[in-house]
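Undergrad: let's see this in three dimensions:
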Amino acid sequence: MRSDMIKKGTERAPQRSLLKAIGYTDTQIERPLIGIVNSFNEIVPGHIHLKEIARAVKDGVLSAGGTPAEFNVIGVCDGIAMGHEGMKYSLASREVIADSIECMCMAHCFDGLVFIPNCDKIVPAMLMAAVRMNIPAVFVSGGPMLSLEDGGGKCLDLNSAFEAVGAYKNDMIDEKELSYIEDNCCPGCGSCSGMFTANSMNCLCEALGIALSGNGTIPAVYSKRIRLAKKAGETIMDTLKKDVHPRDILTEKAFRNALTLDMALGCSTNSVLHLMAIANEAEVDLDLDIINEISKKTPNLCKLAPSGVHHMQDLYAAGGVYRVLWELKRAGLIDGSAMTAMGLTLGGMIDGECFHITRNDVIRTVGNPYSTFGGIAVLYGSIAPDGAVVKQSAVAPEMLVHKGRARVFDSEEEAVSAIYGGKIVSGDVVVIRYEGPSGGPGMREMLTPTSAIAGMGLDREVALITDGRFSGATRGAAIGHISPEAAKGGMIAYIQEGDIISIDIPNNRIDLLVDEETLAQRKNTTEIKIKKNLKGYIARYARNVSSADKGAVIV
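TA: Residues are numbered from 1 along each chain as shown. Model prediction:
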């Protein structure tokens, strides 16, 4: 066992004495040492209940003959960090989490790992760490939050509150209605209830083969979530015996399967950023062209919020992620030979699933999809020669092709002020730059401006482009990850107020309609803005982070 390095032989008596100081017996020390990587904290609603999940995981490990040892990592709530300087630290925290897990695993020689993530950056960070360490691993998330009806037949979620602010600013609702939405849109623990980034990544873990069926969809408050956690604890012992490692699981087949599921579900655009980063750790060649290739042949089978009215509890009632995978496998779109942490192929796991379906209106068939193409598209063109990403399943049909006047802002705050101030009108293309991985730094999510646009009823008339990124809760013609970013001299740095921008999502294009001579003059006279006086971790991050098309990883 890997843990023998800290517990076998007379020369390891000092290390054993420290384990005994914790209270471990000789019998416990002899057993496989399983690290329980928990992201519990008391500020993130998706993580507030993870003590109970960890306890269940440990019970499963104990019942299967292992010795669990829990340690914690940090976790940022994107919703709380949204719209201010705190969002600079959200994506940046992904690298801190992965690095801290590496430190703990190298220092303490765990034989296996059970990862307990739930929200946004924590899931991909743990996946990056898992494949980097290549220690047998299983994932079990804390599960999604429930979504409650508002009394008018519409289910609420966090995005309801963000959009309600825009509606209130535009005198479309009063303070009483705003307060009602605030009090009811997030009714309890769990990751926010739409197909936002956290739930996207937790669902993709099932397709990647590193999590059990139900990981992405069983609601956080259901007892079945506790049972799933216990099963994950039992499973890691079996994974250990079968000698299955993350690099056996996270192969090119697995990433293609995950991207296929991504397109069928209509996941967050952040999933592209994170899958690129995880593939980088796994040394799997994954680029934006592969994403377009898979998108063009994968039908969109689900319309979950923000793209539609359904939420995670509805997907669970419809059979969950494996029900979607079954539909895709039946159409020959999933490679069933990919290995899973359970020691079985993904195809075998799907075929062995017993579906209990109480909703038939959530998952469409391949023969009757919402669209014949996937939920995400990568755009190229003069504005984004290295690519940009859009959640096309959340774009109104009339905005799939659009030409409009550029309204240029050098920060999110400037743009939000203009939107709330009524300065953005129908047909405009809002440009928010200097918010990229290095230039931001931290590539902030732009949920506040996109929600303001939607809340004011302009999402079918106004587009927004940025070298930053978007929350999975974003809807509308929101195009992010523009690469190269402004701080690195990308074309977005040279767009001026009033320029005409052409967006053609069906043809994967985004272009600035300005002649070459004018652009050449601008490049000679425009000063690239670099943020100075940065300190601490965020300064190191800004210096070392790669571009968005490479996953915004530390290099």
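Undergrad: tell me where the stretch 251-400 of the chain has strands.
TA: Listed in chain order, the strands of the stretch 251-400 of the chain (DSSP state E, counting those that start in this stretch) span 377-379, 387-390.
Undergrad: outside of the longest one, which residues touch it?
TA: Counting by C-beta atoms under 8 Å, 6 or more residues apart in numbering, the neighbours of strand 387-390 from elsewhere in the structure are 269, 272-273, 288, 376-380, 465, 477-483, 505, 510, 548-549. Where you see a C-beta, it was placed from the backbone N, CA and C, and this is true even at glycine.
Undergrad: list the contacts of stretch 223-236.
TA: Under C-beta under 8 Å, 6+ apart, the answer for stretch 223-236 is 34, 52-54, 56-64, 66, 68, 112-114, 116, 136-140, 142-143, 211-212, 214-215, 218-219, 341-342.
Undergrad: which of these fall within strands?
TA: 34, 68, 112, 113, 114, 116, 137, 138, 139 (DSSP state E).
Undergrad: residues in contact with the most centrally placed residue in the chain?
TA: Centrality entry for the chain: nearest residue to the mean C-alpha point is residue 197, 3.4 Å, by C-alpha atoms, centre = their mean. Taking C-beta under 8 Å, 6+ apart as the criterion, residue 197 is in contact with 78, 119, 120, 268, 270, 271, 471, 472.
Undergrad: name the element the second one belongs to?
TA: To tie it back to what came earlier, the one meant is residue 119. For residue 119, there is no host helix or strand (DSSP states H and E).
Undergrad: could you report the neighbour count for it?
TA: By the measure other C-beta atoms under 10 Å, the count of residues near residue 119 is 28.
Undergrad: pLDDT value on it, please?
TA: Per-residue pLDDT puts residue 119 at 96.
Undergrad: dump the residue contacts of the residue nearest to residue 392 when sequence neighbours are not counted.
TA: In space, and not counting its chain neighbours, residue 392 is closest to residue 377: 4.6 Å by C-beta to C-beta, 6 or more residues apart in numbering. By C-beta under 8 Å, 6+ apart, the contact set of residue 377 is 292, 295, 389, 390, 392, 505, 508.
Undergrad: go with 6 Å
TA: Going by C-beta atoms under 6 Å, 6 or more residues apart in numbering, residue 377 touches 295, 390, 392, 505, 508.
Undergrad: for the residues you listed, give me a markdown table that also has neighbour count.
TA: Shown next, in a markdown table, are those (neighbours: other C-beta atoms under 10 Å):
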| residue | neighbour count |
| --- | --- |
| 295 | 21 |
| 390 | 28 |
| 392 | 26 |
| 505 | 20 |
| 508 | 19 |
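Undergrad: dump those residues to TSV, plus distance to residue 516 and pLDDT.
TA: Output for the contacts of residue 377, formatted as TSV (distance: C-beta to C-beta, whole Å; pLDDT from 0 to 100):
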residue	distance to residue 516	pLDDT
295	31	97
390	26	97
392	29	96
505	25	98
508	22	98
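Undergrad: next step: the residues you listed restricted to helices.
TA: Among the contacts of residue 377, DSSP state H puts residue 295 in helices.
Undergrad: ok, back up a step: out of the contacts of strand 387-390, which are inside helices?
TA: 272, 273, 288.
Undergrad: closest one of those to residue 516?
TA: Closest approach to residue 516 among the ones in helices among the contacts of strand 387-390 (C-beta to C-beta): residue 288, at 24.9 Å.
Undergrad: what is the neighbour count of that closest one?
TA: Applying other C-beta under 10 Å, we find 23 residues neighbouring residue 288.
Undergrad: same thing with the one 10 residues further on?
TA: Neighbour count of residue 298, defined by other C-beta under 10 Å: 26.
Undergrad: and which of the contacts of residue 197 is nearest to residue 245?
TA: residue 271 (23.5 Å).
Undergrad: hmm, the closest one is touching residue 262, no?
TA: Yes - at 5.4 Å, residue 271 counts as touching residue 262 under the criterion of C-beta atoms under 6 Å.
Undergrad: which helix or strand contains residue 96?
TA: Using DSSP H and E, residue 96 falls in helix 88-108.
Undergrad: give me the angle between that helix and strand 112-116.
TA: Helix 88-108 runs at 160 degrees relative to strand 112-116, counting by axes from the mean of the first three to the mean of the last three C-alpha atoms, to 10 degrees.
Undergrad: now do helix 88-108, average pLDDT.
TA: Taken as a whole, helix 88-108 has a mean pLDDT of 98.
Undergrad: what comes up buried for it?
TA: For helix 88-108, burial by neighbour count (16 or more other C-beta atoms under 10 Å) applies to 88-101, 104-105, 108.
Undergrad: again, but for stretch 528-539
TA: So for stretch 528-539, counting by 16+ other C-beta under 10 Å, buried means residue 538.
Undergrad: what do you get for stretch 460-470?
TA: Of the residues in stretch 460-470, those buried (16+ other C-beta under 10 Å) are 461, 462, 463, 464, 465, 466, 467, 468, 469, 470.
Undergrad: can I get the CA coordinates of stretch 159-178 in CSV?
TA: C-alpha atoms of stretch 159-178 as CSV (Å, rounded to 0.1, in the frame of the first residue of the first chain):
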residue,chain,number,x,y,z
ASN,A,159,-30.8,33.6,-11.2
SER,A,160,-34.3,34.8,-10.3
ALA,A,161,-32.9,37.1,-7.7
PHE,A,162,-30.2,38.5,-10.0
GLU,A,163,-32.8,39.1,-12.8
ALA,A,164,-35.3,40.6,-10.3
VAL,A,165,-32.8,43.3,-9.5
GLY,A,166,-32.8,44.3,-13.1
ALA,A,167,-36.6,44.2,-13.2
TYR,A,168,-36.8,46.3,-10.1
LYS,A,169,-34.3,48.9,-11.5
ASN,A,170,-36.5,49.1,-14.6
ASP,A,171,-39.7,49.6,-12.5
MET,A,172,-41.1,46.2,-13.7
ILE,A,173,-41.6,44.8,-10.2
ASP,A,174,-41.9,46.5,-6.8
GLU,A,175,-39.8,46.1,-3.6
LYS,A,176,-42.3,43.6,-2.1
GLU,A,177,-41.9,41.2,-5.1
LEU,A,178,-38.1,41.6,-5.0
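Undergrad: flag the shaky bits of the stretch 51-200 of the chain, pLDDT-wise.
TA: Counting by pLDDT under 70, not a single residue of the stretch 51-200 of the chain qualifies.
Undergrad: and residue 292, what is it in contact with?
TA: residue 378.
Undergrad: residues contacting stretch 28-44, please?
TA: Taking C-beta under 6 Å, 6+ apart as the rule, stretch 28-44 contacts 1, 3, 7, 19, 47, 50-51, 54, 57, 61, 66-70, 72-73, 75, 77, 101, 110-117, 119, 122, 236, 240.
Undergrad: then stretch 264-284?
TA: So stretch 264-284 is contacted by 124, 127-128, 131-132, 196-197, 200, 250, 252, 255, 262, 286, 298, 300-302, 307, 324, 328, 375, 389, 391, 393, 470, 472, 551, 553 (C-beta under 6 Å, 6+ apart).
Undergrad: spit out the contact partners of the residue nearest to residue 491 when sequence neighbours are not counted.
TA: Distances taken as C-beta to C-beta, 6+ apart place residue 383 nearest to residue 491, at 5.1 Å, with adjacent residues excluded. By C-beta under 6 Å, 6+ apart, residue 383 lies in contact with 491, 510, 512.
Undergrad: top of the residues you listed by neighbour count?
TA: Among those, residue 510 has the most neighbours (other C-beta under 10 Å), with 24 neighbours.
Undergrad: where along the stretch 151-300 of the chain do the helices fall?
TA: 158-169, 175-184, 197-208, 223-242, 246-249, 252-265, 270-282, 288-297 (DSSP state H, counting those that start in this stretch).
Undergrad: so what secondary structure elements neighbour the second one?
TA: Read that as helix 175-184. Here helix 175-184 touches helix 158-169, going by 3 or more C-beta pairs under 6 Å, 6 or more residues apart in numbering; DSSP states H and E.
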